[in-house]
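> for reference, the sequence and a predicted model appear below.
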Amino acid sequence: MSNKPPIEVPQGAIRLNTDSQKLEFYAQDRWYEMATDTPNLSTRQTNGRGLFMGGHDGSANRTDRIDFITIATAGGAVDFGDLTQARSAAAAIASNTRGLLLGGTVSPTVNIVDYVTISITSSALDFGDLTSERHWTQGCSSQTRGIAAGGHPGQNTIDFCTIATTGDFQDFGDLTYKSNVAVAANSANNSPTRGFFGGGTPSPYINSIDFITIATLGNSQEFGDSTTQIAREARGSSTTRALLIGGTRPEPSSSTIIDYFQMSTLGNAIDFGDSTASNSNSAGSSDCIRVAFAHGNNPSNTDKIDYINISTGGNAFDFGNLSTARNHLGGTSNGHGGL
């Protein structure tokens, strides 16, 4: 069967390949086997929770609010508890049990790290400190190790911690570039073994994607490029596929574009679909099947949440709303592939 269809096919279309007897979906002028991109359902957390932490209301008012959602069930976010200190532009990471919020800005920027037990609604506790004060950093994690990379003021530092053990972060290595503004959801992508970072400033925005092997200390390496220069986007992952959602791009400044790439193979991101509205300074949480993401700005401050089915290309759907409108918030979950 030819890889390129003889007629125009809509993005996200699904077919049965009668030669291979496998389901395929259509994106960027070619068909992809769903079998290679379908997450292992056993990795999905039952009633997996997504957390949206901190942020500000579009003015100078930062919040200590933590909201949570059940990612598999569309609906409004519910109050979880409070951070130890109100702040915005902080990164968020998690294992299956703990969620961490890294750094951020209180005016001035801080290096404090909070943690919560995701299954228990309660206020955050002190975890330790990053190696330096920063905000707009990028965070990703395996089930044991948490990573913080880049951030403002312009840094290429990568830190790590053991999520199960409270204490200060330690040096991991360096990014291939310095980032003044990392993804504004302050999230990166990762598979169970690799972490991915990209986008940001200085102007013009960066379109490069770096990766690390989470279990091994060292500098990041080049992976590929996003479809455009990008910063301040939401992200989410399954165990095999990473998504880059919205963000600040050259045109328009607040975007509906969703990109994706396969995390096992070096290469560039390609088009996935569009969100229901433009968004930036946003945040994502995922459970290997879905990414639910808070819009942040679209372009004004908003409480809107969308979701995407990770294994099938296509546009986002309405999920619900945050408890209050805010942007520059951190997002993570206990069911990620990860985030």
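Yep, it's here.
> Ile209 - that's part of a strand, no?
Yes: judged by DSSP: H, G, I helix; E, B strand; the rest coil, Ile209 forms part of a strand.
> where's it relative to Ala148, distance?
From Ile209 across to Ala148, the span is 17 Å (CB to CB, to the nearest Å). Just so you know, the C-beta spots here come from the backbone N, C-alpha and C atoms, and that holds for glycine as well.
> please say which of the two ends up with more neighbours.
Higher neighbour count among Ile209 and Ala148: Ala148, with 33 against 26, using other CB atoms under 10 Å.
> and the more buried one, bridged to which residues?
Gly139, Asp159 (DSSP bridges).
> hmm, it is touching Leu130, no?
Yes: using CB atoms under 8 Å, Ala148 is in contact with Leu130, at 5.8 Å.
> what is in contact with these two at once?
Counting by CB atoms under 8 Å, 6 or more residues apart in numbering, the common neighbours of Ala148 and Leu130 are Leu102, Gly103, Thr137, Asp159, Phe169.
> please report how far the most centrally placed residue in the chain lies from Arg241.
A centroid search over the chain (CA atoms, centre = their mean) returns Arg235, at 2.6 Å, as the residue closest to the centre. Distance from Arg235 to Arg241, counting by CB to CB: 11 Å.
> so Ser123: helix, strand or coil?
Per three-state DSSP, Ser123 ends up coil.
> quick check: it touching Arg65?
No: applying CB under 8 Å, one finds Ser123 not in contact with Arg65, separated by 10.5 Å.
> so for these two, which sits in the more crowded spot?
More neighbours surround Arg65 than the other of Ser123 and Arg65, with 21 against 13 (other CB under 10 Å).
> for the closest residue to Gln143 other than its chain neighbours, what are its contacts?
In space, and not counting its chain neighbours, Gln143 is closest to Ser95: 4.9 Å by CB to CB, 6 or more residues apart in numbering. By CB under 8 Å, 6+ apart, the contact set of Ser95 is Ser141, Ser142, Gln143, Thr144, Gly146, Ile163, Ala164, Asn334.
> give me the buried entries from those residues.
Ser141, Ser142, Gly146, Ile163, Asn334 (16 or more other CB atoms under 10 Å).
> state the pLDDT value of the last one.
The per-residue pLDDT reported for Asn334 equals 88.
> without its sequence neighbours, what residue ends up closest to it?
Ile118 (4.2 Å).
> ok, that neighbour - how many residues close by?
Quick note: Ile118 (other CB under 10 Å) scores 23 neighbours.
> tell me the spacing between it and Arg194.
Counting by CB to CB, the gap from Ile118 to Arg194 is 23 Å.
> count the residues that sit near Arg62.
23.
> thinking Ala294 is in contact with Thr324, fair?
No: assessed by CB under 8 Å, Ala294 is found out of contact with Thr324, at 10.8 Å.
> between these two, which contacts overlap?
Asp303.
> got the CA coordinates for stretch 64-77 in PDB?
Extracted in PDB, the C-alpha atoms of stretch 64-77 (Å, rounded to 0.1, in the frame of the first residue of the first chain):
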ATOM      1  CA  ASP A  64      -0.600  30.000  46.000                       C
ATOM      2  CA  ARG A  65      -3.600  28.000  44.600                       C
ATOM      3  CA  ILE A  66      -3.300  24.300  43.600                       C
ATOM      4  CA  ASP A  67      -6.100  22.800  41.500                       C
ATOM      5  CA  PHE A  68      -6.600  19.200  40.400                       C
ATOM      6  CA  ILE A  69      -8.500  17.300  37.800                       C
ATOM      7  CA  THR A  70      -9.100  13.600  37.000                       C
ATOM      8  CA  ILE A  71      -7.500  13.600  33.500                       C
ATOM      9  CA  ALA A  72      -9.700  10.800  32.100                       C
ATOM     10  CA  THR A  73     -12.900  12.700  33.000                       C
ATOM     11  CA  ALA A  74     -13.700  16.100  31.500                       C
ATOM     12  CA  GLY A  75     -14.900  18.700  34.000                       C
ATOM     13  CA  GLY A  76     -14.000  21.600  36.200                       C
ATOM     14  CA  ALA A  77     -10.800  21.700  38.300                       C
END
